[in-house]
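Engineer: turn this into a model:
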Amino acid sequence: MAEVNNNNNSLSNDNLTEFSSGLYSDASPLYQPKGTQRFALNMVNEESMAGDQRNPGSNTAKNNEGSNELYINLPSGHIPIGKVYVENNETLIFSVKEDNSESAIGIMDDYGKYIPMIKTEVLNFRVEHQIQATYRLRRGCEKTVYWTDDFNPPRHVYWSEGNYDFDAFKDEAGNWSERKFDLIKVPTQIPNFEKIDVIEGGGSLNPGSYTIAVQYIDENYNATNWLNGTDSVVIYNSLLSDSYHNIGGSFFNYAPVANGDNPLSMGKTSKAIRVELSNLDKTFPFYRLGFSIADSGTGFATKAVATEAISTSNTAYILSSLTNTSEIALEELVFEKAQINKAKTIEQHENLLLLGNTTGWEGNLCRFQKFASKIKADCIVIDANGTDANACGNIKNPALNVSDVMGGAGAGYM
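Structural biologist: Residues are numbered from 1 along each chain as shown. Down below sits the predicted model:
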């Protein structure tokens, strides 16, 4: 082989026989310094403790880099697509089969043991949609993980130490329920106002008109939009047992007025409102009622109140006073929260859960127009007693606007 000499070093392209130096690829292979190599696969330098007599510890040996070793076995055929550290050296792992047919959630402990928690197709994980998650310990004992993948709705799961039955995420038949994992629950049943009555005696409501709305509340006390509402229920000081001609409208006297200044300005009544609901979505543990109140005589709502959370197993509620209600903004009854179907990011900050790059429902509502065009107006005509305030359809019936048959001038009474 040819040799090339220069003033500084003797370079040779002889075959490498020893590893006295490291990698060198700056020059042509014709000028490769002795003891160097142009390529090394998985090679690391290991320093010799002995060295030579002139420079102890200077000798280095070449060795292969240590390889990976098996630490944990996921469910057969599964690919990890996300993880989040929980606590106590445990990591929650999200995985899915390569064909996206089965999703799984499990815990990896500090010893490389995989503890399966959930395995189902309803979570709809996708290999191409990696999961971002965040962990929080709630109530001092409830481990909660929130996650999003920009494909499914943001979801969550919670469990207690050593308790992996997850019954809260199953339906009545014991099967995994996709909806119960959803972080933002969407009701599938709209409540109906089955019956509304005005009760005379036992109440202390202000005279005026009361419009009623209903919303669901989940187990974390997150509320849905206000889903359904009624027309006005009329409360006046006169009793239904009074002479028909003496029954008149009234409103609450917020400020003292001179005698005879306004005969309809009065104090509190002795009445209450009983509301009976049907078709409640029992996947929500609670609901609450909201009341928009117009009691100043102007015809406009002056305040809005909401009840405490009511169990969905209880379908009736009596509003006898505003004592057990909390005042809310009037705008809250008409404001509709944004519907979040997907989110790209999820994070916690100062006790708040933050969703980023969200998108809502992307359907085309125009396709419903052909059905809306088929809606027709109709009416039912019945005979009503014109001098009985209890009669259905009578203009002085307090529940006229919310009864099955509405009087033509009902909205104008008051």
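Engineer: which stretches of the stretch 251-400 of the chain have low pLDDT?
Structural biologist: 251-266 (pLDDT under 70).
Engineer: so where do the helices sit in the stretch 151-300 of the chain?
Structural biologist: Under the criterion DSSP state H, counting those that start in this stretch, the stretch 151-300 of the chain contains helices at 178-181.
Engineer: where along it do the strands fall?
Structural biologist: Secondary structure of the stretch 151-300 of the chain by DSSP state E, counting those that start in this stretch: the strands cover 155-160, 192-200, 208-217, 228-229, 233-235, 251-252, 265-266, 271-278, 286-294.
Engineer: my guess is Glu276 contacts Asn192, does it?
Structural biologist: No. With contact defined as Cβ atoms under 8 Å, Glu276 does not reach Asn192; the gap is 9.5 Å. C-beta here means a position set from N, CA and C on the backbone, and glycine is covered the same way.
Engineer: could you list the low-pLDDT ranges of the stretch 1-150 of the chain?
Structural biologist: Applying pLDDT under 70 to the stretch 1-150 of the chain flags residues 1-21, 47-60.
Engineer: quick one, strands of it?
Structural biologist: Counting by DSSP E, counting those that start in this stretch, the stretch 1-150 of the chain has strands at residues 3-5, 10-12, 43-47, 60-64, 78-85, 91-97, 103-108, 114-120, 132-138, 142-148.
Engineer: turn those into TSV, including mean neighbour count and distance to Gly35.
Structural biologist: Output for the strands of the stretch 1-150 of the chain, formatted as TSV (neighbours: other Cβ atoms under 10 Å; distance: least, Cβ to Cβ, whole Å):
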stretch	mean neighbour count	distance to Gly35
strand 3-5	10	15
strand 10-12	14	10
strand 43-47	12	13
strand 60-64	12	11
strand 78-85	16	43
strand 91-97	22	45
strand 103-108	22	45
strand 114-120	16	47
strand 132-138	16	49
strand 142-148	20	54
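Engineer: in JSON lines: these, plus distance to Ser160.
Structural biologist: Putting the strands of the stretch 1-150 of the chain into JSON lines (distance: least, Cβ to Cβ, whole Å) gives the following:
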{"stretch": "strand 3-5", "distance to Ser160": "75"}
{"stretch": "strand 10-12", "distance to Ser160": "71"}
{"stretch": "strand 43-47", "distance to Ser160": "46"}
{"stretch": "strand 60-64", "distance to Ser160": "46"}
{"stretch": "strand 78-85", "distance to Ser160": "18"}
{"stretch": "strand 91-97", "distance to Ser160": "14"}
{"stretch": "strand 103-108", "distance to Ser160": "13"}
{"stretch": "strand 114-120", "distance to Ser160": "12"}
{"stretch": "strand 132-138", "distance to Ser160": "10"}
{"stretch": "strand 142-148", "distance to Ser160": "6"}
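Engineer: of these, which is nearest Lys271?
Structural biologist: Closest of these to Lys271 is strand 132-138, at 42.6 Å (criterion: Cβ to Cβ).
Engineer: what angle do the closest one and strand 91-97 make?
Structural biologist: Per axes from the mean of the first three to the mean of the last three Cα atoms, to 10 degrees, the angle that strand 132-138 makes with strand 91-97 is 140 degrees.
Engineer: partner strands of strand 132-138 and their direction?
Structural biologist: Based on DSSP bridges, the pairing partners of strand 132-138 within the sheet are strand 142-148 (antiparallel).
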